[in-house]
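Novice: I need the structure of the sequence given here:
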Amino acid sequence: MALTSDAKPQRRGQRFGRSDFGYPVAPGEKIFRGGIVCLNSSGQMVRPQTAGAEVFAGLATATYDNSASATPGPTIVAERGSFALTVGSATVANINAEVYATDDNTFTLTAPTTGFVAPIGTINGIENGQTWVLLEGA
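Specialist: Now for the predicted structure:
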């Protein structure tokens, strides 16, 4: 289910050695902290369910409502790494399987037919009933 408020997925591992980048929020978008974000062709942050989502960016580190604006909003950092996400029907047999986002908070093992259709990462472990997804994109 798409986010309607902020989320804070657990992170596993350290941030060191990674590159997280910031992008402006696209006009008409409302981004929630902890939601998956992509970039449109203008390099602006959009949710994966938004038409024109072209490139996976990461997990939004802040919230910004730009839904009533016709101009880009402020820059928000999109972080990558290993996060605890709910991936429906994932089992140990799915470790290393690609993960897809049908919206900013719904994750599956099959590619969606609309919105952003490329993988956002892979399952890198399942521990104590929690699925860990390495968000790196394809």
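
Novice: Please read off the pLDDT at the most centrally placed residue in the chain from the model.
Specialist: Note on the chain: the residue nearest the mean C-alpha position is Ile36, at 1.9 Å, using Cα atoms, centre = their mean. According to the per-residue confidence, Ile36 scores 98 in pLDDT.

Novice: and it, what does it touch?
Specialist: Applying Cβ atoms under 8 Å, 6 or more residues apart in numbering, we find Ile36 in contact with 47-48, 56, 58-60, 101, 103-105, 120, 135. In this view, the C-beta of every residue, glycine as well, is placed from N, C-alpha and C.

Novice: Quick one: the strands in the protein, in order.
Specialist: Remark: strands of the chain, listed N- to C-terminal, are 11-12, 21-24, 30-31, 36-39, 45-46, 55-60, 64-65, 75-79, 81-84, 98-103, 106-108, 121-127, 130-135; assignment by DSSP state E.

Novice: From the contact counts, what lies against the lowest-mean-pLDDT helix or strand in the chain?
Specialist: Lowest mean confidence among the helices and strands of the chain (mean pLDDT, DSSP states H and E): strand 11-12, at a mean of 83. In this structure, strand 11-12 makes packing contacts with strand 81-84, judged by 3 or more Cβ pairs under 8 Å, 6 or more residues apart in numbering; DSSP states H and E.
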